[in-house]
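Peer 1: Fold the following.
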Amino acid sequence: MSTTTCRIVPLHPGRNDGLKIQLKNEDALVEGFVLTQIYLFEKNVLHQVTTASSGDVVLDDSVVMLDDAEADVKLACVGDGRLFLKSLSNATLSSLDVEVMGNGLVQLEIPSVNLDRKLDVEVAGTGVVALITDDLSAHEVKCTLSGSGDIVVDTGYLEARKLHASVYGSGIASFATTGSVEKESLTLSGSGQLLAGSIVAAESNVDVWGNGEMLVQVTDKLTVLTSVWGKVGYVNAPPAEVKVKGWWFWRETSSIVYSAAVNKVAMFEPLAVPAKTPVYYSIKTMKSLLSDEPNCTSLSSETSEWADLMSMSLSKVQQTDATLTDAISTDAHSVFYALVGVVVVAVNVVAARSWSERRARRHYTSLL
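Peer 2: The predicted model follows:
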């Protein structure tokens, strides 16, 4: 196997807007400890970060663009990876899009979020998006959940003109907050839960199909579209006007719209941000005839005895390196890191996948 196992290629062929580091397209056995750190020469420049497959990606406080009222920021996780952003600074943006496709996690902890346009959160699969903030202000908040995943918006106060939330399947979308909106549009299909009872809405249009649970809090007008199954619980005082539509003529209105005994929310306990320590992986690749990237025939994260000993040694080295990283990032640089298995970190400036190589005498050499 060649001592150089990786190569740098354009993130998008024919475009000069990013780089990708990938394994060479060859038969190989690659084994080692993985910790990718990407240094940026300017603070808060990234407006899009996407992770693919598995692994953890941690965004430093000064990496993502947070203080630009005209900026559109997108954070996405495809696969079973995890993306963390814990900021000490407030976010003032045009829009914020958060997306999870698969069973991954995006966890955002930001003191205050102020959006000129909208917050758009989407989960497809069994993944989780958790937004934890003291204050959320936006023109529009949109949450879409398909599958058995979770969306948790945990804020001290939420204020928006419009709220759109949809749950398809058995997942849970919860607004664990107090707040108010002028108009909301809610859809629940399946056995899931859409918990919006903490948000006071002047007007609410609700579509409910299935035996799931939906909670609202409406002051003026509540319009419900349903059929054989489906019901809506209201929190606190009943709406001034209630209108029910659909194929429900054999059901009593009171069995469709009812007074909820208690308000219910889903609480999310924030996970600890992963430490900057290498993770051991072993991967066997086979040359692909149809792509410029090799096929992965086997992947293992089980450490052997020598790997456990090496991990202890690398942890000590990493502690020294962390001191250097902190010194660099406090200057004119920013850093984020990925604890990756088979993961691609794509950003608008650079994308990287880094692997370590094992030689016959366990001697580590430079990848590039």
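
Peer 1: CA atoms for contacts and neighbours, from now on please.
Peer 2: Will do.

Peer 1: my read: K118 touches K142, true?
Peer 2: Yes - with contact defined as C-alpha atoms under 8 Å, K118 counts as touching K142 (7.4 Å).

Peer 1: Who's the closest spatial neighbour of K284, skipping the chain neighbours?
Peer 2: L29 (4.5 Å; C-alpha to C-alpha, 6 or more residues apart in numbering).

Peer 1: So which other helices or strands are in contact with the helix or strand hosting that neighbour?
Peer 2: Using DSSP states H and E, L29 sits in strand 28-34. When contacts are defined as 3 or more C-alpha pairs under 8 Å, 6 or more residues apart in numbering; DSSP states H and E, strand 28-34 sits against strand 279-286.

Peer 1: Can you list the strands that the strand it packs on pairs with?
Peer 2: For strand 279-286, the paired strands and their directions (DSSP bridges) are strand 28-34 (antiparallel), strand 295-300 (antiparallel).

Peer 1: Now do the SS call for S254.
Peer 2: Under the three-state scheme (DSSP: H, G, I helix; E, B strand; the rest coil), S254 adopts helix.

Peer 1: give the contact list for it.
Peer 2: Counting by C-alpha atoms under 8 Å, 6 or more residues apart in numbering, S254 makes contact with nothing.

Peer 1: can you give me how far the strand holding L29 is from the chain middle?
Peer 2: The chain centroid and the centroid of strand 28-34 are separated by 28 Å under C-alpha atoms, centre = their mean, to the nearest Å.

Peer 1: Same question for stretch 70-80.
Peer 2: Between the mean C-alpha point of stretch 70-80 and the mean C-alpha point of its chain there is a distance of 7 Å (C-alpha atoms, centre = their mean).

Peer 1: again with stretch 94-110
Peer 2: Distance of stretch 94-110 from the chain centroid (C-alpha atoms, centre = their mean) equals 3 Å.

Peer 1: re earlier: quick one: mean pLDDT over the strand holding L29.
Peer 2: For strand 28-34, mean pLDDT is 81.

Peer 1: With only the CA atoms kept, save that strand in CSV.
Peer 2: Extracted in CSV, the C-alpha atoms of strand 28-34 (Å, rounded to 0.1, in the frame of the first residue of the first chain):
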residue,chain,number,x,y,z
ALA,A,28,-6.0,-1.0,1.1
LEU,A,29,-6.2,-1.7,4.8
VAL,A,30,-6.1,1.6,6.7
GLU,A,31,-5.9,1.5,10.5
GLY,A,32,-5.3,4.2,13.1
PHE,A,33,-6.5,7.0,15.2
VAL,A,34,-8.7,9.7,13.7
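
Peer 1: Check which helices and strands the helix or strand following it is in contact with.
Peer 2: With elements assigned by DSSP H and E, the helix or strand that comes after strand 28-34 is strand 36-40. For strand 36-40, the packing partners by 3+ C-alpha pairs under 8 Å, 6+ apart come out as strand 334-339.

Peer 1: Beta-bridge partners for L59, please?
Peer 2: Residues in a beta bridge with L59, per DSSP bridges, are L85, F336.

Peer 1: Which pLDDT value belongs to it?
Peer 2: On the pLDDT scale, L59 is placed at 92.

Peer 1: That one contacts K86, correct?
Peer 2: Yes - under the criterion of C-alpha under 8 Å, L59 makes contact with K86 at 7.4 Å.

Peer 1: Now for those two: what residues contact both?
Peer 2: If you check L59 and K86 against C-alpha under 8 Å, 6+ apart, no residue is contacted by both.

Peer 1: Among the two, which residue is more densely surrounded?
Peer 2: Neighbours were tallied for L59 and for K86 using other C-alpha atoms under 10 Å; the higher tally belongs to L59 (22 against 17).

Peer 1: from the strands paired with strand 279-286, which stretch is densest packed?
Peer 2: Looking across those with neighbours counted as mean count of other C-alpha atoms under 10 Å, the highest average goes to strand 28-34: a mean of 20.
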